[in-house]
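**Student:** After the sequence you'll find the predicted model.
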Amino acid sequence: MTEKIEEISDNIELVNSDIEKDYKLNLRKETQHFIIHYTEFDKSCIDKVSDILENSYNRITSTFNQQLEEKLIIEIHPDHNQLHIALGFPNAPGWVRG
């Protein structure tokens with residue numbers, strides 16, 4: 001999949017950049033409160049991730065006194081570079097997280 005991006009933000013300038021997305025979040029796990037999209041790279045840890053998310057849900061929603069009306073979509077990217085591409089900032093500094 002190729003995306004065209006035109007963006008200027010926080011000293012990052014992208015003009016008509018073609019970005020090749022060479023991986024896909026082609027796996028999906030659905031839990032009571034989450035829909036998690038991930039790649040084969042993270043398949044071995046996805047049960048642990050989903051357990052941590054579900055075990056944290058009540059504590060976090062109680063703290064903020066806010067329940068979600070729909071399931072929260074979580075995307076797990078295999079590395080920072082792929083995350084930056086997914087965010088639309090392929091040349092983002094390493095401290096940028098999603």
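**Tutor:** Perfect, I can see it now.

**Student:** what residue lies at the spatial centre of the protein?
**Tutor:** By CA atoms, centre = their mean, the chain has its centre lying nearest to residue 75, at 3.2 Å.

**Student:** quick one: pLDDT of that one?
**Tutor:** Reported pLDDT at residue 75 in the predicted model: 94.

**Student:** measure the residue of the chain positioned farthest from its centre to residue 55 for me?
**Tutor:** For the chain, the C-alpha lying farthest from the average C-alpha position belongs to residue 65; by CA atoms, centre = their mean, that distance is 24.6 Å. Using CB to CB, to the nearest Å, residue 65 is found at 19 Å from residue 55. Every C-beta, even on glycine, is put in place using the N, C-alpha and C of the backbone.

**Student:** Repeat that for residue 79.
**Tutor:** Using CB to CB, we find residue 79 at a distance of 26 Å from residue 55.

**Student:** And residue 66, by the same measure?
**Tutor:** Taking CB to CB as the criterion, residue 66 is separated from residue 55 by 18 Å.

**Student:** The residue farthest from the centre of the chain belongs to a helix?
**Tutor:** No. With the criterion set as DSSP: H, G, I helix; E, B strand; the rest coil, the secondary structure at residue 65 is coil rather than a helix.

**Student:** contact partners of stretch 46-66?
**Tutor:** For stretch 46-66, the external contacting residues (CB atoms under 8 Å, 6 or more residues apart in numbering) are 27, 29, 31-34, 36, 38, 42, 67-68, 74, 76.

**Student:** how about a cut-off of 10 Å?
**Tutor:** Contacts to stretch 46-66, defined as CB atoms under 10 Å, 6 or more residues apart in numbering, come from residues 27-34, 36, 38-39, 42, 45, 67-68, 72, 74, 76.

**Student:** Check which residues of that stretch are buried.
**Tutor:** Neighbour counts using 16 or more other CB atoms under 10 Å place 46, 49, 50, 53, 57 of stretch 46-66 among the buried residues.

**Student:** all helices for the protein, in order.
**Tutor:** With DSSP state H applied, the chain shows helices at 46-63, 80-87, listed in chain order.
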